[in-house]
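K.L.:
Show me how the following folds:
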Amino acid sequence: MAHILAAQEIWNARIAGRKAQIPVWPDLSKDDLRIWNERVYEKAIQLWSAHLPEKIISYANTKGEKFENTVLEILDHTINHATHHRAQVAVFARQAGIIPPVSDMIVFFRTQDFKH
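P.N.:
Numbers count the residues shown, from 1 in each chain. The predicted model follows:
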């Protein structure tokens, strides 16, 4: 979850034209996860509302390579990125004989801990 939130914050920063203030693989406590979830979500909503979907964003990845993508492409990526990692966790849990928790985002949005 920490990596998913960090990645969203990194993309938020790229859209906003600033440097992200979190590493790609942060070590966040449960309380920090709640704080970052709210902060990243609110910033994302502001950014998606302020920019046209077809606006081109120029940025450098974590290796310093330069790219350009539209806001809509970045939004699609962030959604798929989070889904990918939640699925990985579920697979690894099942391989270890553990029934994974439900990780659908809508379930998190229904709980008090992750309400926006």
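
K.L.:
what ranges do the helices span in the protein?
P.N.:
Secondary structure of the chain by DSSP state H: the helices cover 2-16, 30-50, 71-95, 105-110.

K.L.:
Just the mean pLDDT for the last one, thanks.
P.N.:
Mean per-residue pLDDT for helix 105-110: 75.

K.L.:
Output that helix as PDB - backbone C-alpha positions only.
P.N.:
Provided in PDB are the C-alpha atoms of helix 105-110 (Å, rounded to 0.1, in the frame of the first residue of the first chain):
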ATOM      1  CA  MET A 105     -10.800   0.100  -3.700                       C
ATOM      2  CA  ILE A 106     -14.500   0.500  -3.300                       C
ATOM      3  CA  VAL A 107     -14.300  -1.600  -0.100                       C
ATOM      4  CA  PHE A 108     -11.700   0.800   1.300                       C
ATOM      5  CA  PHE A 109     -13.900   3.800   0.300                       C
ATOM      6  CA  ARG A 110     -16.800   2.200   2.200                       C
END
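
K.L.:
Nearest residue to the middle of this protein?
P.N.:
Gln8 (2.9 Å; C-alpha atoms, centre = their mean).

K.L.:
follow-up on the earlier one: tell me which of the helices of the chain sits most buried.
P.N.:
helix 2-16 (a mean of 20; mean count of other C-beta atoms under 10 Å). Yep, even glycine has a C-beta here, placed from its N, CA and C like the rest.

K.L.:
name the helices or strands packed onto that one?
P.N.:
helix 30-50, strand 56-60, helix 71-95 (3 or more C-beta pairs under 8 Å, 6 or more residues apart in numbering; DSSP states H and E).

K.L.:
Pipe these into TSV and attach distance to Met105 and mean pLDDT per row.
P.N.:
TSV is the format used below for these (distance: least, C-beta to C-beta, whole Å; pLDDT from 0 to 100):
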stretch	distance to Met105	mean pLDDT
helix 30-50	10	89
strand 56-60	23	96
helix 71-95	7	91
